[in-house]
Each structure stands twice: as C-alpha cells, then as structure tokens.
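Undergrad: just a sequence and a predicted model for now, questions to come.
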Amino acid sequence: MTEGDLIASTGYAVGSAKALRIGAYGIGAARSFGGQFANQRDGTRFEGGVSVDWSALRNLGLGIRGGYQTEHATLDVFTEGGATGMAYAQARFGKLDALLAVTYQHRNYATNQDRVDNRFGPQATLSYALNDTFYVVASYLFIHNASSLADTSRAGYDYNRHLVSLGVEARF
C-alpha cells in the first residue's frame with residue numbers, strides 16, 4: 001500500500017519540560033494492493049480527527065487519537081468507513097521518531113448493510129526527519145478483523161493481516 005500523510009496540529013505548553021498538545025490530523029492515501037486483490041481493492045483512503053499528546057520529558061510522550069475513516073475501492077465499487085482510534089507512546093531521538101500504539105477501527109459497509117467489522121491490533125512506526133516539515137515513514141500494523149459475517153456461510157471474514165506501509169509525511 002502506498003500512503004502519504006498530512007498532519008496539522010496546534011499546541012499549548014506547560015512549564016519548561018511538560019507539554020500538552022491538542023491537534024487535528026488528516027490522512028489521505030492511494031491504496032495499491034498486490035496478489036489476489038490487485039484488481040479489486042485499489043482505491044483511496046481518507047481519515048481525519050483529533051489528537052491529544054502529553055509529554056513529561058522533551059523526547060518522550062503519550063497520546064490518544066480518534067477520528068473517522070472512509071475507504072473507496074475503484075473496481076469493486078464499495079465504500080467502507082467508521083470510527084478509528086489509537087493510544088500510543090512516542091519517543092524522539094534527534095531526527096528519529098519511534099511510536100508504539102494499539103489501534104481500533106469500527107467499519108460499516110455501504111454495499112453490504114449486514115456487515116460490520118471491528119479491527120484492532122498493535123502498530124510500530126519509525127519516522128526520520130528530512131527537514132522541519134517532511135519525514136520518511138515506515139510502519140508495521142498487525143490487524144485482527146472480527147466481522148459480523150464470520151458466523152454465516154461466508155467464511156474468511158475473520159482474519160489476521162500484517163500491513164507494512166512506507167511513505168512520506170508532512171507535519172505542520
């Protein structure tokens with residue numbers, strides 16, 4: 001999958017080392033799948049929401065993020081979307097950022113009203129600052145999908161997936 005992120009945030013600092021930052025974020029992505037899904041699942045993904053970050057030290061912090069995500073596949077002509085959330089710990093070492101997170105996504109499907117998926121799992125992300133705005137990002141996400149269709153005759157809706165993303169991120 002190819003992905004590019006645009007994140008905007010504003011903050012409020014408390015003291016010299018402690019900081020609280022409340023921000024907004026947006027993510028836009030062009031999805032490109034290989035294998036059996038190569039001709040079906042290519043499309044777009046958009047997500048937006050709010051984040052709250054707190055740090056007691058300049059290079060270590062905790063945060064939560066919540067928003068709404070929607071995806072559209074071109075050939076299958078389906079749209080899915082729903083709430084998304086993340087709790088994370090982040091560390092900065094010079095130009096390198098490391099993030100460990102637990103993620104959750106609630107998915108509704110416009111073309112299949114009976115299907116609702118809940119996806120959750122751990123995520124690890126490394127980003128390297130090219131300058132003050134642009135970062136090279138590598139991310140690994142393990143997804144466990146629990147679907148409302150898993151108990152029906154349509155097998156394969158409960159699954160585990162490993163997702164690796166590489167991209168460029170802009171931070172403002």
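TA: Cool, the structure landed. Numbers count the residues shown, from 1 in each chain.
Undergrad: worst-scoring helix or strand of this protein, pLDDT-wise?
TA: Lowest by mean pLDDT, DSSP states H and E among the helices and strands of the chain is strand 2-13, with a mean of 40.
Undergrad: next SSE downstream of that one?
TA: strand 19-31 (DSSP states H and E).
Undergrad: could you list the low-pLDDT ranges of the protein?
TA: Scanning the chain for pLDDT under 70 picks out 1-18, 33-41, 74-78, 112, 150-156.
Undergrad: that one: strands as residue ranges?
TA: For the chain, applying DSSP state E gives strands covering 2-13, 19-31, 43-57, 60-73, 78-93, 96-109, 116-129, 134-147, 159-171.
Undergrad: buried sites along the longest one?
TA: In this case it means strand 78-93. Using 16 or more other CB atoms under 10 Å as the test for burial, strand 78-93 gives Phe78, Glu80, Gly81, Gly82, Thr84, Gly85, Met86, Tyr88, Gln90, Arg92. Where C-beta positions appear, they are placed from N, C-alpha and C, glycine not excepted.
Undergrad: next: the last one.
TA: The neighbour-count criterion (16+ other CB under 10 Å) identifies Ser165, Gly167, Glu169, Arg171 as the buried residues of strand 159-171.
Undergrad: of the residues you listed, closest to Asp117?
TA: When these are ranked by distance to Asp117 (CB to CB), Ser165 comes first, at 19.4 Å.
Undergrad: for that closest one, which non-adjacent residue is spatially closest?
TA: Leaving aside its chain neighbours, Ser165 sits nearest to Ser139 (4.5 Å; criterion: CB to CB, 6 or more residues apart in numbering).
Undergrad: for the residue lying closest to Asn108 once chain neighbours are set aside, give me its contacts.
TA: Among residues not flanking Asn108 along the chain, Gly82 sits closest, at 5.1 Å (CB to CB, 6+ apart). Residues near Gly82 by CB atoms under 8 Å, 6 or more residues apart in numbering: Tyr68, Gln69, Gln105, His106, Arg107, Asn108.
Undergrad: again, only this time at 10 Å
TA: The contact partners of Gly82, taken as CB atoms under 10 Å, 6 or more residues apart in numbering, are 68-71, 105-109, 116-119.
Undergrad: and Asn118, by the same measure?
TA: By CB under 10 Å, 6+ apart, the contact set of Asn118 is Gly82, Tyr104, Gln105, His106, Arg107, His144, Asn145, Ala146, Ser147, Ser148.
Undergrad: would you format the buried residues of strand 78-93 as CSV with distance to Ala56 included?
TA: Shown next, in CSV, are these (distance: CB to CB, whole Å):
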residue, distance to Ala56
Phe78, 44
Glu80, 38
Gly81, 36
Gly82, 33
Thr84, 27
Gly85, 23
Met86, 20
Tyr88, 15
Gln90, 12
Arg92, 13
